[in-house]
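J.: Okay, structure incoming, though there's no sequence with it:
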């Protein structure tokens, strides 16, 4: 979304590849977002970021801005800390989507409680045979140590379930490698995936140490192929009110977690001034607590996105499918699968302040050559 996520990833991948994510930004991003978002209407929460030298000292500062660039905060990178300054960018800036900031080179996986374990999606599933495979063609290869993976990745995660696993085989196909795992007790597969078809599941494989600071939560979710459920009238009103009364065209229930009273929805808002808004919204205890806002410039009388999709009919095809909901000291994490224009993404989203940031993303290309 914003050309359906994929365009954002391509833009981020092609235009910011030479940039690095300073340690200070990685460490203090929650503080920066809390400062920026404080008491602003949710439509005005942080959406863009850039690195640019605003004070002429030859060192880039870090700036964040809302979608319309009406508010901008700039932070001096001071060692491993950020310090807000009063000078903001004044020239044309190549703003990038904040949702994808972790796609920058140079992020330090070792200081992140999740990235240091490098979870991997198991994207080829055979529950009946107890075989779960990950393919290195889908990986963003940064941080993947294949030898370590085969030796130490021994827990399969799906929803609240944690299954002991073992490495079974490696198969090379051209330049790609397929790595297959199995649950050590085959009977556990029937319990972990009861009610799920192979195509409805994307478990993740992690080392046992991941469990030291990650707690998978039990939740219910919409399954591919099931009838879609809308938000209740009360939930829809809570969401609309939170977005300043903006009219909702459609909603889709994604998941609910009774442990933390979270309810997740994909929400399609009515266009305003040629701009659509699709949001992944989380409600807790009767109020919106976090969301990912995906702004959609529209064409042809507000009927189509810039990607050529029917705004009111096709957009929910790209909604995230939640495979695991995980409590961590760094914030709630969603392990998700979502469709793009030419394939499938396997991602980890983290709740930072009041919004969702994608901290890891792998991609399976499916479009024909």
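T.: Noted; the coordinates are in hand. All values reported here derive from a predicted model rather than from experimental measurement.
J.: Which helix runs longest in the chain?
T.: The longest helix of the chain (DSSP state H) is helix 23-37.
J.: just checking, what packs against it?
T.: strand 61-65, strand 72-78, strand 81-85, strand 343-352, strand 355-365 (3 or more C-beta pairs under 8 Å, 6 or more residues apart in numbering; DSSP states H and E). (C-beta placed from N, C-alpha, C; glycine too.)
J.: mind listing what the strand or helix carrying residue 263 pairs with, with the direction of each?
T.: Following DSSP states H and E, the helix or strand that holds residue 263 is strand 262-272. Counting by DSSP bridges, the strands paired with strand 262-272 are strand 248-257 (antiparallel), strand 275-284 (antiparallel).
J.: possible to save those as CSV with mean pLDDT, distance to residue 228 and mean neighbour count?
T.: Shown next, in CSV, are the strands paired with strand 262-272 (pLDDT from 0 to 100; distance: least, C-beta to C-beta, whole Å; neighbours: other C-beta atoms under 10 Å):
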stretch, mean pLDDT, distance to residue 228, mean neighbour count
strand 248-257, 96, 5, 19
strand 275-284, 95, 15, 22
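J.: what's the closest of those strands to residue 365?
T.: Closest to residue 365 of the strands paired with strand 262-272, according to C-beta to C-beta: strand 275-284, at 23.3 Å.
J.: Would you mind checking the average pLDDT for the longest helix of the chain?
T.: Averaging pLDDT along helix 23-37 gives 96.
J.: orientation of it relative to strand 81-85 in degrees?
T.: 40 degrees (axes from the mean of the first three to the mean of the last three C-alpha atoms, to 10 degrees).
J.: Now residue 99. Nearest residue, chain neighbours left out?
T.: Using C-beta to C-beta, 6 or more residues apart in numbering and skipping residues adjacent in sequence, the residue nearest residue 99 is residue 358, 5.5 Å away.
J.: ok, the one you found touching residue 102?
T.: Yes - using C-beta atoms under 8 Å, residue 358 makes contact with residue 102 at a distance of 6.3 Å.
J.: and the gap between residue 145 and residue 164?
T.: Separation of residue 145 from residue 164 (C-beta to C-beta, to the nearest Å) stands at 21 Å.
J.: likewise residue 242?
T.: 42 Å.
J.: Equivalent analysis for residue 226, please.
T.: With C-beta to C-beta as the criterion, residue 226 and residue 164 are 30 Å apart.
J.: Going by how many neighbours each has, rank these two and give me the top one.
T.: Counted by other C-beta atoms under 10 Å, residue 226 and residue 164 do not tie: residue 164 has more neighbours, with 12 against 9.
J.: Which residue comes closest to that one once chain neighbours are left out?
T.: Closest to residue 164 by C-beta to C-beta, 6+ apart is residue 184, at 4.6 Å.
J.: before we move on, the earlier item: and for the strand holding residue 263, what are the contacting residues?
T.: 219, 231, 235, 239, 243, 246-257, 276-284, 289, 298, 302, 311-312, 315-316, 319-320, 322, 325, 332 (C-beta atoms under 8 Å, 6 or more residues apart in numbering).
J.: now with 7 Å?
T.: The contact list for strand 262-272, computed with C-beta atoms under 7 Å, 6 or more residues apart in numbering, reads 231, 235, 239, 243, 246-256, 276-284, 298, 302, 315-316, 319, 322.
J.: ok, residue 358 and residue 102, which is more surrounded?
T.: Taking other C-beta under 10 Å, residue 358 and residue 102 do not tie; residue 358 has more neighbours (25 against 20).
J.: pLDDT value on the more buried one, please?
T.: 97.
J.: And residue 338, by the same measure?
T.: 94.
J.: Report the contact partners of it.
T.: Residue 338 sits next to 5, 318, 319, 320, 321, 345, 347 when contact means C-beta under 7 Å, 6+ apart.
J.: starting at the chain centroid, how far to the helix or strand that contains it?
T.: Following DSSP H and E, one finds residue 338 within strand 333-339. Distance of strand 333-339 from its chain centroid, counting by C-alpha atoms, centre = their mean, to the nearest Å, is 6 Å.
J.: swap in stretch 304-318?
T.: Counting by C-alpha atoms, centre = their mean, stretch 304-318 comes out at 19 Å from the chain centroid.
J.: show me where pLDDT drops low in this protein?
T.: Applying pLDDT under 70 to the chain flags residues 1-19, 141-142, 367-369.
J.: one more time with 50
T.: 1-18, 369 (pLDDT under 50).
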